[in-house]
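Asker: when you get a sec, could you give me coordinates for this:
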Amino acid sequence: MAEIDGARAAALALVGDVTEHGRLMSEVLEQRTRALEAPDRARAQRLAIGTLRWMDRADRALGPFLRMKPWPEVHNILRLAIYEIHEGGTPPHAAVSAAVDLVRASERGAGQAGLVNGVLRNVQRADAWAALPVPRLPKWLRKPLLKTYGKAAVAGMEDAFAATPPLDLSVKEDAPGWAERLGGRVTPTGSVRLQPGAQVTALPGYDDGAWWVQDAAAALPARALNPQPGERILDLCAAPGGKTLQLAAAGADVTALDISETRMARVAQNLSRCGMAAEVVVADALSYAPDRPFDAVLLDAPCSATGTIRRHPDLPRAKAAQDFAPLIALQAALLDRAVTLTAPGGRIVYCTCSLLPEEGEAQVDAALSRHPGLTLDPGALTLDGIASDWIGPQGLRLRPDYWPEIGGMDGFFVAVFRVA
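Answerer: All right, here's what the predicted structure looks like:
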């Protein structure tokens, strides 16, 4: 039996964790790749992400040549090979040979080597890949997005999800200078955008803490908060810490709070790398009791993360609509807690990296009905690079189909409240 390529085997296991067991890649990545050297770890992750990103189109390509659905592991081997051949740059003969080796090593699929070889060669001969539609979202997500945004917008989102996203950086100062130095460009909202594929830790400025990785959309909530030097600001649910760094860079007196000790350790590391300070608190936001209220609170609430699918194509394959009801209830509770933690006259920024209105606009309407002294501050959302039609009655709605000519952005919702 041929020796199995470790990176491919790890990628196959990762895809199976997502499609068969409903696990997110972030939950299993370390476990599945710890035995690999760094280059193979990166390759396994790249193969798994690519396979999941193009899975819908791969299934369409395979459909005419499968009389019945194969075992899940065999199906994923076929998907992995199809991705490698058509999008991953692997020579077809090498991808087919590797797929046959994987299936021969499979417990249940060992007798399917001939099927895998024949199906993949039939797909190659059909040569229909380029004519197939862009991968579509699963029905559980596509249907509500169509209802909310319409066909053209969802088609644009699916185009964005099919592309490898660029790398965005928030810089302490001199965005144009850093864009020139790193070979990138400045987005309309002031982030530095680089082409995908860069090794982050090897880039100039990383060791010096001159910048941090943060999607351009994710950088806007802190800008909407408009932190001022010396203000006491609470970053509620702070990990992974990009917004904490923005607030600290503006000179605010920042308290960064999150329930995860592991994730907050990363926040502390990034603060240290960037030469900035904040009080780092590991606690449950719903029971956290400071000695006095804050001038402002930034609440980036736990959410479905459906706005980040271009970076995390595993999410719509691992999750389903019914998974998010507890998160929606938690968002409302956290918003109520943010009100009690904010001093009179202070402001609250509520945001989620979600495309679902239940986690954005509907939460705003519900909060306003629960708290008569709470009002919206739409003027705070008039930021550089923001189109006026992105701002609705409840807040700023960012979508992955925006900026298609420069690589899109994550989906986000941002609202700014004032507390009476």
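Asker: alpha carbons only for contacts and neighbour counts from here, please
Answerer: Fine.
Asker: where do the helices sit along the stretch 201-350 of the chain?
Answerer: When assigned using DSSP state H, counting those that start in this stretch, the helices of the stretch 201-350 of the chain occupy the ranges 220-225, 242-249, 261-273, 315-318, 325-340.
Asker: which of the ones you listed sits most buried?
Answerer: Sort the helices of the stretch 201-350 of the chain by mean neighbour count, taking mean count of other CA atoms under 10 Å, and helix 242-249 sits at the top with a mean of 25.
Asker: hmm, back to that, so can I have TSV of the helices of the stretch 201-350 of the chain showing distance to Ser106?
Answerer: Formatted as TSV, those follow (distance: least, CA to CA, whole Å):
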stretch	distance to Ser106
helix 220-225	47
helix 242-249	42
helix 261-273	35
helix 315-318	22
helix 325-340	37
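Asker: what's the neighbour count on the closest residue to Thr340 other than its chain neighbours?
Answerer: In this structure, Thr340 finds its nearest non-sequential neighbour in Pro293, 7.6 Å apart by CA to CA, 6 or more residues apart in numbering. Counted with other CA atoms under 10 Å, residues neighbouring Pro293 total 19.
Asker: swap in Ser97?
Answerer: Neighbour tally, Ser97, other CA under 10 Å: 15.
Asker: what sits against the residue nearest to Thr340?
Answerer: 340-343 (CA atoms under 8 Å, 6 or more residues apart in numbering).
Asker: gap between it and Gly183?
Answerer: 43 Å (CA to CA, to the nearest Å).
Asker: how about the residue nearest to Thr340, phi and psi?
Answerer: phi -70, psi 170 (degrees, to the nearest 10).
Asker: from Ile259, how far out is it?
Answerer: 19 Å.
Asker: likewise Arg67?
Answerer: 49 Å.
Asker: same deal with Thr33?
Answerer: For Thr33 relative to Ile259 (CA to CA), the value is 26 Å.
Asker: quick one: which of these two has more around it?
Answerer: Neighbour totals were compared for Thr33 and Ile259, and Thr33 leads with 23 against 17 (other CA under 10 Å).
Asker: what is the burial count for the closest residue to the more buried one other than its chain neighbours?
Answerer: Closest residue to Thr33 apart from its sequence neighbours, by CA to CA, 6+ apart: Arg41 at 5.5 Å. Residues near Arg41, counting by other CA under 10 Å, number 22.
Asker: let me know the secondary structure of Ala415.
Answerer: Recorded secondary structure, Ala415: strand (DSSP: H, G, I helix; E, B strand; the rest coil).
Asker: got a list of what it touches?
Answerer: Applying CA under 8 Å, 6+ apart, the residues contacting Ala415 are 349-351, 364, 376-378, 381, 394-396.
Asker: for those, which one is nearest Ala94?
Answerer: Nearest to Ala94 among the contacts of Ala415: Cys351, at 45.6 Å, using CA to CA.
Asker: contacts for the helix or strand containing the closest one?
Answerer: Applying DSSP states H and E as the criterion places Cys351 in strand 342-352. Strand 342-352 has contacts (CA under 8 Å, 6+ apart) with 221-222, 224-225, 293-303, 305, 335, 338-339, 359-360, 412-420.
Asker: could you redo the last one with a cut-off of 7 Å?
Answerer: 221, 225, 293-301, 303, 359-360, 412-420 (CA atoms under 7 Å, 6 or more residues apart in numbering).
Asker: just the buried residues of these.
Answerer: 221, 225, 293-301, 303, 359-360, 412-419 (16 or more other CA atoms under 10 Å).
Asker: which non-adjacent residue is nearest Pro144?
Answerer: Nearest one to Pro144, counting by CA to CA, 6+ apart, is Leu356 at 7.8 Å.
Asker: how deep is the one you found tucked in, by neighbour count?
Answerer: With other CA under 10 Å as criterion, Leu356 counts 22.
Asker: what separates it from Gln363, distance-wise?
Answerer: 11 Å.
Asker: what do you get for Cys303?
Answerer: 12 Å.
Asker: before we move on, what about Ile82?
Answerer: 41 Å.
Asker: one more: Thr255?
Answerer: 24 Å.
Asker: same check on Gly209?
Answerer: Gly209 is 36 Å from Gln363, by CA to CA.
Asker: more neighbours, those two?
Answerer: More neighbours surround Gln363 than the other of Gly209 and Gln363, with 20 against 17 (other CA under 10 Å).
Asker: next up, the contacts around the residue positioned nearest the centre of the chain.
Answerer: For the chain, Thr308 is the residue whose C-alpha lies nearest the centre (CA atoms, centre = their mean; 3.0 Å). With contact taken as CA under 7 Å, 6+ apart, Thr308 is in contact with 353, 410-411.
Asker: which one among those gets closest to Thr164?
Answerer: Nearest to Thr164 among the contacts of Thr308, with distances taken as CA to CA, is Asp410, at 12.3 Å.
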